[in-house]
Every structure is written in structure tokens, then in C-alpha cells.
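Colleague: Sharing a model prediction with you, sequence too.
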Amino acid sequence: MYWDIGEYLSDETSKSSWGDSFIDETAKYIQENHPDLRGFTRRGLYRMRQFYETYKGNEFVSSLLTQLSWTNHLQILSGTKSIEEKEFYMGLCVRERYSTRELERQIRSGYYERYMLSPQKIVPVGHHDGSIRLIDRYVLEFLNLPEGYTESDLKRAIVRNLKDFVLEIGKDFTFVGEEYRVQVGNSDFYVDLLFYHRALSCLVAFELKIDKFRPEYLGKMNFYLEALDHELRIVLFISDAFRSISFFQSDDPAVLRTLQTVFF
């Protein structure tokens, strides 16, 4: 409906001698004769025209028009700059089924820029089409961490805010547990956070570190992956692929950089 109205308004203002005054008069007519209609104010009608003129002739967008709410369309229109960014958030919104609040948060946190600046990652066999990418910078401002927080503080805050954390890392992630125990020989070891990624069909281990990267962290994560592989592959029948993400502190305490390793 909004597309059709936007097309009509665009056509009329382009050929009418009234120009934009046509929209002003239309809004006035609707308010006087149909006061119960919502969203058809002067501002609303201008947005419908903008909506149509922004995407007309765009085949990618035409397939997504009815899959997003009008509110989400408006959020993308007002919160993004380039057509590439708009298309990105439209596709992301459909895939992740974002609410308006979730979409607004992703735009505000610069998810598009962070995604585009992240190098293409290696993913398990069968997912080399580039449709799945794990980004290098995660914004966790919702954790509200105190000054001088510890790794334990970070982990507890993530668990308390699990819904927002999954929104940031991707809704394909399903939480398995914290301090997940794996046994090697007669010794027990604990993975900070363990998730399952539905699209990749694999477990993802999160190791939380708030200091700078050290080479031994990489060896530790590979050790965890091998332990998970040995302990869970037969039991869960999920996949031969196990992945890990290590979180490390950045200059901004609300932003964590990641190091990712892959084990097959």
C-alpha cells in the first residue's frame, strides 16, 4: 500500500504544476475528510514518496518490500545513507526477524560498517557462498560494565543480557551453557560460553579475555576445540566442524575485538 501511494504521489508531483504542494493539499484533504486514518499526515506522505523514489527499479528491494513492517522500512530510510547500506539492513532484518527496537539498535551501533570492515571468514564446507560472516568487532554497550571489570564480570553480564548478546552476535546462535565442562583424561576444563550455530550446524566456543592478545590463547582455544570434538561429536551428531571466538579488550570498553580459529 505505501509503495503504491508513494508511486502515485511521485507521479503527481512530477507532472503537476503544484509540485510538492500537491502532497500538502492531499494531506489536508485526508485530515479533514478521514481524520481516523493514521500515518497519512504531511510528513507521512512525504515519506511514502521518498520510499518509492529511493527503491524504484531496484529488483533486490522489490522482493523484500512486503517482508518488512512499515516501521522498519522507515527506520532504514532515516538511519542509513547509501543504497548498499539500506539493502544490507533490509536483508538482515528479514533473515534475523528484527523487531523495530532491535533494528534501531543495530543501525545505531554501526553493524553495517563493522560487518563490511571484517575480512571474509572461513566457514565449514557447504557455506562458502559468503552468506555467513562472523565480524571482528562486537559492540556490547548494553552490558553496562563497571570500571575495572574482570573477566568474571564480563561473563556474568553477558549471561544476564543474553537476549541482547545474541542480537549482536546473530540470532542463529543458541546458548548451550556457561563454564561448560569438558574432560580430557582425568582433568576437567571449562569453556567460558558455549553456543550452537544453527546455520553452520556447529558448536561455537567463546573464551573471554579482557587483556591484550597472547599467542598462548590460540593454543588454549585449539585445545578446547579438540576436547569438544572428542567429547561431543558422536553424542550430538551435529557436524565435524567446531568453531571458537576469543574476545579481547579494545581501546573502547564497550567494544571487544575477536580472534577466530577454526578446527575441522
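Modeller: Looks like it arrived, so ask away.

Colleague: Could you count how many residues lie near E141?
Modeller: Per other C-beta atoms under 10 Å, the neighbour tally for E141 reads 15. Placement of C-beta: from N, CA and C, glycine included.

Colleague: no no, T41
Modeller: 14.

Colleague: In which helix or strand does the closest residue to it other than its chain neighbours reside?
Modeller: Computed as C-beta to C-beta, 6 or more residues apart in numbering, the closest residue to T41 that is not its neighbour in sequence is A27, at 5.8 Å. Taking DSSP states H and E as the definition, A27 sits inside helix 21-33.

Colleague: So for the next helix or strand after that helix, mean pLDDT?
Modeller: Counting by DSSP H and E, the next helix or strand C-terminal to helix 21-33 is helix 42-55. Average pLDDT, helix 42-55: 92.

Colleague: which of the residues in helix 42-55 are buried?
Modeller: The neighbour-count check on helix 42-55 (16 or more other C-beta atoms under 10 Å) flags R42, G44, L45, Y46, R47, M48, R49, Q50, F51, Y52, Y55 as buried.

Colleague: Show the contacting residues for the last one.
Modeller: Residues near Y55 by C-beta atoms under 8 Å, 6 or more residues apart in numbering: V61, S62, L65, K86.

Colleague: can you rerun that using 6 Å?
Modeller: V61 (C-beta atoms under 6 Å, 6 or more residues apart in numbering).

Colleague: what separates it from W3, distance-wise?
Modeller: The gap separating Y55 from W3 is 8 Å, by C-beta to C-beta, to the nearest Å.

Colleague: tell me the domain boundaries of this structure?
Modeller: Domains of the chain are assigned by automatic domain parsing as 2-114, 121-263.

Colleague: between those domains, which has the poorest average model confidence?
Modeller: Mean pLDDT is lowest for domain 121-263 among these, at a mean of 72.

Colleague: re earlier: I'd like the C-alpha coordinates of the helix holding A27 written as CSV, please.
Modeller: Extracted C-alpha coordinates of helix 21-33, given in CSV (Å, rounded to 0.1, in the frame of the first residue of the first chain):
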residue,chain,number,x,y,z
SER,A,21,2.1,21.5,-2.8
PHE,A,22,0.1,18.6,-4.1
ILE,A,23,1.2,16.5,-1.2
ASP,A,24,0.4,19.3,1.3
GLU,A,25,-3.1,19.5,-0.2
THR,A,26,-3.6,15.8,-0.2
ALA,A,27,-2.6,15.5,3.5
LYS,A,28,-5.0,18.4,4.3
TYR,A,29,-7.9,16.7,2.5
ILE,A,30,-7.3,13.3,4.3
GLN,A,31,-7.2,15.0,7.7
GLU,A,32,-10.4,16.9,7.0
ASN,A,33,-12.4,14.0,5.5
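
Colleague: Need the contact partners of it.
Modeller: Residues outside helix 21-33 that contact it (C-beta under 6 Å, 6+ apart) are L9, E12, T13, S16, L37, F40, T41, R42, L45.
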